[in-house]
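K.L.:
got a sequence here, can you model it:
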Amino acid sequence: MTEDNQRRLSRRAIQQSITIVDVMTDQVLGRLVNIHREGFMLVGTGPVTVDSLYQLSLQLSVPVNGQNQIAVGGDCLWTRADEGGSQHWAGFHIIDISAQSLELIDALV
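P.N.:
Below is the predicted model:
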């Protein structure tokens with residue numbers, strides 16, 4: 001079964017640029033490709049680790065409801081790189097999120 005078949009909600013593309021930062025290392029992991037209430041996909045120039053937990057800040061280029069970022073805890077479920085290894089995609093399941101951050105995701109999609 002593929003990731004698409006396991007997903008219960010369909011992810012929605014976002015109309016703004018959102019940078020994803022690992023809060024623990026202050027490292028930019030990439031940019032948001034799509035999101036829903038339970039997970040998201042990012043694309044970046046470096047790999048992330050499957051089966052690892054991350055505390056992330058989704059930094060919005062355009063504020064939503066007066067907020068510039070969305071804080072989430074995520075579990076990396078899968079990764080994939082292009083043939084040259086210059087771009088890496090990763091799928092995350094959201095495992096920790098506040099009610100306010102969940103409202104911001106709803107407003108984005």
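K.L.:
which is the next helix or strand following whichever strand or helix holds N34?
P.N.:
Assessed by DSSP states H and E, N34 sits inside strand 27-36. Next in sequence after strand 27-36, counting helices and strands by DSSP H and E, comes strand 39-44.
K.L.:
so D106, which of the three states?
P.N.:
What DSSP: H, G, I helix; E, B strand; the rest coil gives for D106 is helix.
K.L.:
on that earlier part again, next one: the strand holding N34 to chain centre, how far?
P.N.:
4 Å (C-alpha atoms, centre = their mean, to the nearest Å).
K.L.:
got the angle for it vs strand 39-44?
P.N.:
140 degrees (axes from the mean of the first three to the mean of the last three C-alpha atoms, to 10 degrees).
K.L.:
give the buried residues for strand 27-36.
P.N.:
L29, G30, R31, L32, V33, I35, H36 (16 or more other C-beta atoms under 10 Å). In this view, the C-beta of every residue, glycine as well, is placed from N, C-alpha and C.
K.L.:
and for the second one, nearest residue in space, chain neighbours not counted?
P.N.:
Pointing back at G30 there. G44 (2.5 Å; C-beta to C-beta, 6 or more residues apart in numbering).
K.L.:
wait, doesn't the one you found sit right on A90?
P.N.:
Yes. With contacts counted by C-beta atoms under 8 Å, G44 reaches A90, the gap being 7.5 Å.
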